[in-house]
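> Fold the following and give me the result.
(chains A and B)
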Amino acid sequence: MKKIQAIRGMYDLLPEQTVLWQYVEAAAMEVLQSYGYREIRFPVLEQTELFKRSIGEVTDIVEKEMYTFEDRNGDSLTLRPEGTACCVRACEEHGLLYNQTQRLWYMGPMFRHERPQKGRQRQFHQIGVEAFGMEGPDIDAEVILLTARLWRALGLDAAVTLQLNSLGSNAARAAYKDALVDYLQSCRDQLDEDSQRRLESNPLRILDSKNEKTQALLADAPCLLDHLDDESKQHFERLQELLNESSVAFEVNPKLVRGLDYYNRTVFEWVTDKLGAQGTVCAGGRYDGLVEQLGGRATPAVGFGLGMERLVLLLEELGLVPDALEQNVDIYIVAVGDTAVNRALQVSEVLRDEMPHWRLQMHCGGGSFKSQMKKADKSTATLALILGEDELANNVVSVKFLREDKPQQQIAIADLVGVLQTAV
RNA sequence: GUGAACGUAGCUUAAUUGGUAAAGCGCUUGAUUGUGGAUCAAGCAGACAUGGGUUCGAAUCCCAUCGUUCACCCCA
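Numbers count the residues shown, from 1 in each chain, chains lettered A, B, ... in the order given. Below you'll find the model as predicted:
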């Protein structure tokens, strides 16, 4: 019979991997909590219309990457390709943005039908952060500082760099788009094929083309930063001042643009050169018009998405996985014979009552002393507690040190908790 | 969606001009009647990704499908 395998581009995370994920998630949660951000959860399925209206009808994501299907009612549903639109929808639906600010985060799978490669999968996981109701550059600085703190917590600060840009107001960006198209039309036949296509669909994306000839042409192209409206210019300058004051290094990249239509003003990306072609670990920016665009009251907002797979990959690539993650058991309990098993189960339950943070693994499935000891060694435990006939007869447990050169001890069951507390 | 490389045991890999599948790691057992790690011995383990074709004969050559990887594209 043909074996059923996972969907292309969607991967299982095995126990060896999940410990690293848990470590990253815990670090992120700690940082987010320290800034007073609260978690929000929303469904992975939404009405297709939500993404069409927010991401933009002519973006690649909406045109050819969404998992869209009809449900049994005939409604068009889509597996979320990103979280911001869902978050706005949920907040609006429950009045979270009415005359108040919100600092929120979420975590979970996103879906895009792309060709898989390193750092890119069809089901991938993001941590998303969104801050609503604050229009000043101080909140932009806060979310950037928050990410910088996470890199420090994970030891990644030397591996990632911050790129910063401002897209200006929608009007300013539209004016710039016209100027850029005018310029590029004049040398249209020198552009690469992809960029010629983008001239109609999404001209700003030509700015970050990887084609060298195209990049050479762009050297004389009009610059986005020269077309900023005054307010956006002030906002951007103030943000840079705040980051400088906080000693966050950044590089202004006037060619940094976003693939989703809803961004305006501040955009930023944390990038690395350690992950091949998919070097963006975290990216975001302002989207002051999105809430209104989705039918709510005009609400300024800023946020970012962080690619979990890329972050985990980066930690592995740099050898920053803590050794302690390999250990999943502290104490392994060896019991030979039915009576010993009875006693061992009771003893291990008492130990768990007394010391809930100890990780105890009871040997199950029988076997000789030798094979049980082998399992104890493999288990990563530092101690083995041994219960056999001799121990039962004397009401003791043998304690063997598996990772240090210390003599085995016999300890009365009644004294076990106290003795182990000092031994572990 | 485009291009290239690749798919052999749980994992990593070998197999000469096409001649009917090896090894290491891991796992099990034993050497040691109640004691792990090192060593030694034995054992378990494979429709050689799937389906077709060429051939007396295919892991090897050809085609298709599926999958993996990297890059383009896209983006977190």
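> Let me know the pLDDT of residue A:145.
On the pLDDT scale, residue A:145 is placed at 98.
> Nearest spatial neighbour of the closest residue to RNA strand B within the stretch 51-200 of chain A, chain-adjacent residues omitted?
Nearest residue of the stretch 51-200 of chain A to RNA strand B: residue A:118, at 2.6 Å (C-beta to the nearest atom of the strand). Heads up, the C-betas are built off the backbone N, CA and C, glycines and all. Leaving aside its chain neighbours, residue A:118 sits nearest to residue A:276 (5.0 Å; criterion: C-beta to C-beta, 6 or more residues apart in numbering).
> Taking the centroid of chain A, which residue is nearest it?
For chain A, residue A:308 is the residue whose C-alpha lies nearest the centre (C-alpha atoms, centre = their mean; 3.2 Å).
> residues contacting that residue?
A:21, A:24, A:107, A:124, A:125, A:126, A:127 (C-beta atoms under 8 Å, 6 or more residues apart in numbering).
> and the gap between it and residue A:403?
Noted for residue A:308: a distance of 32 Å to residue A:403, by C-beta to C-beta, to the nearest Å.
> Over to residue A:312?
From residue A:312 to residue A:403 the distance is 28 Å (C-beta to C-beta).
> ok, these two, which is more surrounded?
residue A:312 (18 against 11; other C-beta atoms under 10 Å).
> got the buried residues for whichever helix or strand that one is part of?
Residue A:312 is located in helix A:308-317, with elements delineated by DSSP states H and E. For helix A:308-317, the neighbour count (16 or more other C-beta atoms under 10 Å) marks A:308, A:309, A:310, A:311, A:312, A:313, A:314, A:315 as buried.
> gap between that helix and the chain center?
Chain-centre distance of helix A:308-317: 10 Å, with C-alpha atoms, centre = their mean, to the nearest Å.
> again with stretch A:125-136
For stretch A:125-136 - counting by C-alpha atoms, centre = their mean - the centre lies 14 Å from the chain centre.
> What of stretch A:398-415?
In this view, stretch A:398-415 has its centroid 42 Å away from the chain centroid, taken as C-alpha atoms, centre = their mean.
> Which single residue in the stretch 151-300 of chain A comes nearest to RNA strand B?
Proximity of the stretch 151-300 of chain A to RNA strand B (C-beta to the nearest atom of the strand) peaks at residue A:259, 2.0 Å away.
> which residues touch the residue lying closest to that residue once chain neighbours are set aside?
Distance criterion C-beta to C-beta, 6+ apart; nearest residue to residue A:259, sequence neighbours excluded, is residue A:59 at 6.3 Å. Taking C-beta under 8 Å, 6+ apart, we find residue A:59 in contact with A:202, A:259, A:260, A:261.
> which of these lies closest to residue A:113?
residue A:259 (15.2 Å; C-beta to C-beta).
> Now do the residue lying closest to residue A:273 once chain neighbours are set aside, the pLDDT please.
Excluding the flanking residues, the one nearest residue A:273 by C-beta to C-beta, 6+ apart is residue A:279, at 6.2 Å. The predicted structure scores residue A:279 at 92 on the pLDDT scale.
> pretty sure residue A:279 contacts residue A:313?
No. Applying C-beta atoms under 8 Å as the test, residue A:279 and residue A:313 come out as separate, 10.8 Å apart.
> Contacts for the helix of greatest length in chain A, please.
Identified as the longest helix of chain A according to DSSP state H is helix A:15-34. If you take C-beta under 8 Å, 6+ apart as the criterion, helix A:15-34 is touched by A:13, A:105, A:107, A:127, A:129, A:146, A:149-150, A:153-154, A:306, A:308, A:311-312, A:315-316, A:321-322, A:325-326, A:328.
> And those residues, which of them are buried?
Buried members of these, counted by 16+ other C-beta under 10 Å: A:105, A:107, A:127, A:129, A:146, A:149-150, A:153-154, A:306, A:308, A:311-312, A:315.
> The stretch 201-350 of chain A: strands as residue ranges?
A:251-252, A:264-271, A:280-286, A:301-307, A:331-335 (DSSP state E, counting those that start in this stretch).
> picking that back up, please list all residues in contact with the residue nearest to residue A:273.
Listed by C-beta under 8 Å, 6+ apart, the contact set of residue A:279 reads A:119, A:271, A:272, A:273.
> ok so, going back, export the strands of the stretch 201-350 of chain A to a markdown table and append columns for distance to RNA strand B.
What follows is the strands of the stretch 201-350 of chain A, written out as a markdown table (distance: least, C-beta to the nearest atom of the strand, whole Å):
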| stretch | distance to RNA strand B |
| --- | --- |
| strand A:251-252 | 16 |
| strand A:264-271 | 6 |
| strand A:280-286 | 3 |
| strand A:301-307 | 3 |
| strand A:331-335 | 8 |
